[in-house]
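K.L.:
This is a predicted model, with the sequence first.
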Amino acid sequence: MNFTFTQDQLDFQDAIASMLRSEVTADTVRSRWATTAGVDERFLSQVHELGLNSMLVPEALGGLGLGVTDFILLAEACGEVALPEPVVESVMVSTPLLVDILDQGLGNADIQKVVDGVLAGDLRVSLGHAINPCINYADSADWFLVSEGDGIYLVPKEAISLKARKSVDPSRRLFSVSFDPRDHVRVADGDVGARLQRSTLNRGALANAAQLVGLSRGMLDQSVRYTTDREQFGRAIGANQAVKHLLADVAVQVEYAKPVVYRAAYTVGVSPNRADFAVSHAKSAAARAALMASRHCTQVHGAMGYTWECDLQIWTKRAWALAREWGDEGFHNNRIHEWLLRKDALLGPEFTFGRGSITDLEKAG
């Protein structure tokens, strides 16, 4: 079997990555910090016109009907430029949850209206999960998907109370939310609600893992350029073996994390509710690579790497934030341990991408 990305997928990644590099720079990110909303509305309109908002929505609902593996490279590209807007979270997490609720015949009259609004680019949905105490860009959302116990609620912004919270990353606009969990806004509960929340956790952690890989590549590229241009004692500091080793270690960790993230994307596409082991492996590996990149790349920049003026801080602070969102390394390592200790764990190279490793468990469950 051939598990490499298709040429169409790679070409789409190149096109989106090119657009992101021209539209999202360190200067434009800093300019967002000075605005009230913290977003670039023109950029978000461009994203919608490119079809990103509808990529993972089935054709029957008016979307493009593509899969997670089609979007995972684009999520990396968003991380590589440290995109402030929660585009990846919207495409990979909140919109698929809306689709799942519709597919299972759940929800209320508002579900279809919200899905149509997202596809039209008229509505924005923010998602809250028990594992994350705060919601990013909640102040710019029109609707909220929030959980309480096993229940999931679709709540309009008028019925949500927001309290601003401070983040280590200036690009993140965090808010804690409160609402009245009444029956008329509940769209799922019980075992179904719990399964949907599990799927949402896996999609959220995968979205962060992909962005963390992109952030690592972004930090590495900046550091390679800096150590090539910066001279000391008549030669580039990148010529020093100690500097080379620091950056080589980062490059190795990134290359180890990438296939793990791609495998998790495949697994989530097959069965997001049964993807705990693959997603946790991906999040742990990607977070480890990004945190190493933030340390080593800051170190090779020298004292200026710790300053506000250095663009690198935009990427390092995002890595610190995303490494803990949707579960930190300890949480995901514990899920990996639980999987390895299961009697029915299907381990070995023959199950790396085989659908049997997922579908057999579905039948057994």
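P.N.:
Yep, that arrived. Everything quoted here is computed from the prediction, not taken from an experiment. Numbers count the residues shown, from 1 in each chain.

K.L.:
so K166 makes contact with L174?
P.N.:
Yes. The criterion here is C-beta atoms under 8 Å, and K166 meets it with L174 at 7.3 Å. The C-beta positions use only the backbone N, C-alpha and C, and glycine is treated the same way.

K.L.:
More neighbours: the two, which one.
P.N.:
For the pair K166 and L174, the greater number of neighbours falls to L174 (21 against 9), based on other C-beta atoms under 10 Å.

K.L.:
For beta bridges, what are the partners of the more buried one?
P.N.:
N136, R165 (DSSP bridges).

K.L.:
who's in contact with it?
P.N.:
C134, I135, N136, A138, A164, R165, K166, S167 (C-beta atoms under 8 Å, 6 or more residues apart in numbering).

K.L.:
Let me have these in a markdown table, extended by pLDDT and distance to P58.
P.N.:
Putting the contacts of L174 into a markdown table (pLDDT from 0 to 100; distance: C-beta to C-beta, whole Å) gives the following:
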| residue | pLDDT | distance to P58 |
| --- | --- | --- |
| C134 | 93 | 31 |
| I135 | 94 | 26 |
| N136 | 94 | 26 |
| A138 | 94 | 27 |
| A164 | 94 | 36 |
| R165 | 94 | 35 |
| K166 | 92 | 39 |
| S167 | 92 | 34 |
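
K.L.:
so where's the stretch 151-300 of the chain shaky on pLDDT?
P.N.:
Per-residue confidence for the stretch 151-300 of the chain (pLDDT under 70) gives these ranges: 231, 238-239.

K.L.:
Mind doing that once more with 90?
P.N.:
Low-confidence segments of the stretch 151-300 of the chain, defined by pLDDT under 90, are located at 180-185, 189, 226-244, 270-275.

K.L.:
residue ranges for the strands of it, please.
P.N.:
151-156, 161-165, 174-178, 186-188, 231-232, 235-236 (DSSP state E, counting those that start in this stretch).

K.L.:
Report all helices and strands that the fourth one contacts.
P.N.:
For strand 186-188, the helices and strands in contact under the criterion 3 or more C-beta pairs under 8 Å, 6 or more residues apart in numbering; DSSP states H and E are strand 151-156.

K.L.:
Sort out which residues of the strand it packs on are buried, please.
P.N.:
If you call a residue buried by 16 or more other C-beta atoms under 10 Å, then strand 151-156 has these buried ones: G151, I152, Y153, L154, V155.

K.L.:
Perfect, that will be all.
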